[in-house]
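Undergrad: sequence first, then the predicted structure:
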Amino acid sequence: MEIISGIALSRTIKEEIKQEVSTFLAKGLRRPKLVAVLVGSDGPSQTYVNAKVKDCHQVGFESEAVRLDENTSEEVLLAWVEKLNADPSVDGFIVQLPLPKGIDESKVLLAIDPAKDVDGFHPVNIGNMALGLPGFVPATPAGVIQMLKRSGIDTSGKHCVIIGRSKIVGMPLSILLARNSNPGNCTVTLTHSRTKNLKEICKEADILIAALGKPGFIKADMIKAGAVIIDVGISRVETDTNEKGYIIQGDVDFDSVSEKVGFISPVPGGVGPMTRTSLLTNTLTAYKRSFNLK
Ligand code: NAD
């Protein structure tokens with residue numbers, strides 16, 4: 001059994017990004033810049049935005065968090081989106097989801113310039129991804145692809161079962177892994193809450209990607225021996241064993257499953273850090289495109 005460490009892989013990728021940034025600075029160019037827009041005071045969202053700003057500084061990017069009041073109107077938020085679209089010093093920006101009630105999420109996402117949409121949620125970028133054209137791939141699926149690639153996992157001709165069909169994880173991953181590319185060329189089964197015989201389907205998987213948000217859902221009797229298991233799930237599970245009062249758990253029952261697998265990504269320390277790093281990679285891509293750099 002081999003552990004796919006998202007922490008170690010993301011450290012390597014960040015080092016690569018940092019090196020690239022220093023070559024651009026040596027040529028007299030400015031630093032890449034990512035802006036995160038946060039509306040309201042949702043706890044986890046604040047943590048994510050703070051982490052994104054910190055990641056940027058680690059690799060030599062400029063970054064800024066735009067923190068807007070809980071009662072911000074859709075109109076004001078859309079004005080911020082327009083401002084960031086037009087600002088030549090901003091390579092990419094994200095609007096942290098979820099947005100407070102009363103703001104139409106899809107209207108805001110549609111207003112973002114696809115060339116700066118480093119979250120990859122704009123329909124233009126989803127379309128480009130589906131057609132294999134240049135664009136931005138959403139951060140979590142991009143992170144999973146890097147995990148497979150950098151772990152040397154051969155995906156060609158393999159049966160990949162994905163659990164969960166969300167727009168930000170399962171759906172894009174199903175497209176990426178079915179594409180004629182490396183990683184890719186999988187036979188993909190995309191499963192969801194209405195899927196029948198899920199256990200039998202999972203047992204057929206050479207690569208199993210769990211993204212349903214149910215802690216410990218995947219047990220050892222649901223997997224094929226030697227399979228590759230990628231655990232995307234992140235759930236807070238209450239506990240009285242620490243001060244925080246909760247632990248973070250994935251969708252996979254790691255202790256029982258890990259004995260049987262070929263590769264497995266842990267939670268925490270698996271897909272999470274890779275998602276954060278993918279946002280940096282997308283921002284660097286946006287920067288390079290705007291300067292016509294290779
Ligand atoms: P979501 O809630 O939008 O979608 C969940 C999906 O799982 C749905 O398609 C649903 O049909 C499916 N599902 C639910 N119960 C099921 C069942 N019993 N059997 C089969 N399918 C079932 O989820 P999401 O936003 O994609 O997030 C999924 C999980 O991944 C969550 O735990 C979330 O916190 C985590 N996540 C992690 C990262 C990361 O960076 N590691 C990023 C995004 C999401």
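TA: All right, it came through fine. Numbers count the residues shown, from 1 in each chain.

Undergrad: correct me, but residue 84 touches residue 115?
TA: No - contact between residue 84 and residue 115 fails when scored by CB atoms under 8 Å: they sit 11.7 Å apart. Where C-beta positions appear, they are placed from N, C-alpha and C, glycine not excepted.

Undergrad: neighbour count winner among those two?
TA: A direct count of neighbours by other CB atoms under 10 Å for residue 84 and residue 115 places residue 84 higher, at 22 against 17.

Undergrad: for the residue in the stretch 1-150 of the chain that the ligand sits nearest to, the count of nearby residues, please.
TA: Across the stretch 1-150 of the chain, no residue is closer to the ligand than residue 140, which sits at 4.1 Å (CB to the nearest ligand atom). If you count neighbours by other CB under 10 Å, residue 140 ends up with 24.

Undergrad: would you confirm that it contacts residue 167?
TA: No - at 10.9 Å, residue 140 does not count as touching residue 167 under the criterion of CB under 8 Å.

Undergrad: does residue 236 lie in a helix or a strand, and which?
TA: Residue 236 belongs to strand 235-238 when assigned by DSSP states H and E.

Undergrad: ok so residue 226 is a helix residue?
TA: No - read with DSSP: H, G, I helix; E, B strand; the rest coil, residue 226 is coil and lies in no helix.

Undergrad: list the contacts of the residue nearest to it when sequence neighbours are not counted.
TA: Leaving aside its sequence neighbours, residue 226 sits nearest to residue 262 (CB to CB, 6 or more residues apart in numbering; 4.4 Å). Counting by CB atoms under 8 Å, 6 or more residues apart in numbering, residue 262 touches 1, 2, 226, 227, 228.

Undergrad: most neighbours out of these, which is it?
TA: Greatest neighbour count in the contacts of residue 262, by other CB under 10 Å, goes to residue 228: 26 neighbours.

Undergrad: show the pLDDT at that residue.
TA: Among the per-residue scores, residue 228 holds a pLDDT of 98.

Undergrad: do residue 97 as well
TA: 95.

Undergrad: could you report the neighbour count for it?
TA: 15.

Undergrad: my read is that it contacts residue 108, right?
TA: No - contact criterion CB under 8 Å: residue 97 and residue 108 do not qualify, at 9.1 Å.

Undergrad: end-to-end on stretch 215-222?
TA: 15 Å (CA to CA, to the nearest Å).

Undergrad: so what touches it?
TA: Against stretch 215-222 from outside (CB under 8 Å, 6+ apart): 163, 198-199, 202-203, 208, 210, 229, 231, 233, 235, 237, 249-253, 256-257, 259-260.

Undergrad: which ones among these come in contact with the ligand?
TA: Filtering these for proximity to the ligand by CB under 6 Å from any ligand atom leaves 163, 198, 233, 235.

Undergrad: please identify which pair of the residues you listed lies farthest apart.
TA: With distances taken as CB to CB, the most widely separated pair in these is 198 and 235, at 18.3 Å.

Undergrad: which bits of this structure sit near the ligand?
TA: Within the chain, the positions lying close to the ligand (CB under 6 Å from any ligand atom) are 140, 163-166, 168-170, 191-193, 195, 198, 211-214, 232-235, 271-272, 275.
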